[in-house]
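Peer 1: Can you look at this prediction? I've put the sequence above it.
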Amino acid sequence: MPEPTEQQRARRRRTGGWMLAVGVVALFVSTFTVPEAIHDLARVSAGQDAGLTTRGVVVTVVGAATLLGGGALAILGFNWRRSAGEGPHPEDLLLDEQFGDAPVRPYDPDELRRRPGRPALGDERDDRP
């Protein structure tokens, strides 16, 4: 898969940003509509009213849509924006071209276990009397 261009990355970041912003606004709206919808549904299920009013139906539908849709948009927008990432810096590409992509030193996990002035873990001898 070819590396995306900087224009594609910028477009993806912008789109993800708009998705995140719309999702957060929808979640904010849901903080007003969901409690009212729960109250209307509880009143109807308790038998206090004959049925949901038009306002109750609208608030219930809008509350569910903003809560679920806003949450999904916020999560997708955040991940979309984060996955766009930055492209490799030209200096990094030049260094990779000049020195190669391999690490400078091979990784040695035992190096972190050694202490200055003490032998490595496998080389310890018991010199105590």
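Peer 2: In hand now; what should we look at? Residues are numbered from 1 along each chain as shown.
Peer 1: Point out the other helices and strands that the longest helix seen in the chain packs with.
Peer 2: Looking across the chain with DSSP state H, the single longest helix is helix 6-45. The helices and strands touching helix 6-45, judged by 3 or more CB pairs under 8 Å, 6 or more residues apart in numbering; DSSP states H and E, are helix 54-84. C-beta: built from backbone N, CA, C; applies to glycine.
Peer 1: where's the residue lying closest to residue 52 once chain neighbours are set aside relative to residue 60, distance?
Peer 2: Nearest non-adjacent residue to residue 52, counting by CB to CB, 6 or more residues apart in numbering: residue 44, 5.6 Å away. As for residue 44, its distance to residue 60 is 10 Å (criterion: CB to CB, to the nearest Å).
Peer 1: Looking at those two, which has the bigger crowd around it?
Peer 2: It is residue 60, of residue 44 and residue 60, that has more neighbours when counted by other CB atoms under 10 Å, with 19 against 16.
Peer 1: Was I right to think that one contacts residue 40?
Peer 2: Yes: with contact defined as CB atoms under 8 Å, residue 60 reaches residue 40; the gap is 6.6 Å.
Peer 1: rewinding a little: what touches both of residue 44 and residue 60?
Peer 2: residue 52 (CB atoms under 8 Å, 6 or more residues apart in numbering).
Peer 1: tell me the average confidence for stretch 65-81?
Peer 2: Stretch 65-81 shows a mean pLDDT of 94.
Peer 1: Identify all contacting residues around it.
Peer 2: 12-13, 15-30, 33-34.
Peer 1: Please indicate which of those are buried?
Peer 2: Buried subset of those (neighbour count, 16 or more other CB atoms under 10 Å): 12-13, 16, 19-20, 23-24, 26-27, 29-30, 33-34.
Peer 1: do you know how far the residue most central in space within the chain is from residue 13?
Peer 2: Taking CA atoms, centre = their mean, the centroid of the chain lies closest to residue 79, which sits 4.6 Å from it. Applying CB to CB, the value for residue 79 to residue 13 is 12 Å.
Peer 1: quick one: low-confidence ranges for the chain?
Peer 2: 1-4, 103-104, 114-129 (pLDDT under 70).
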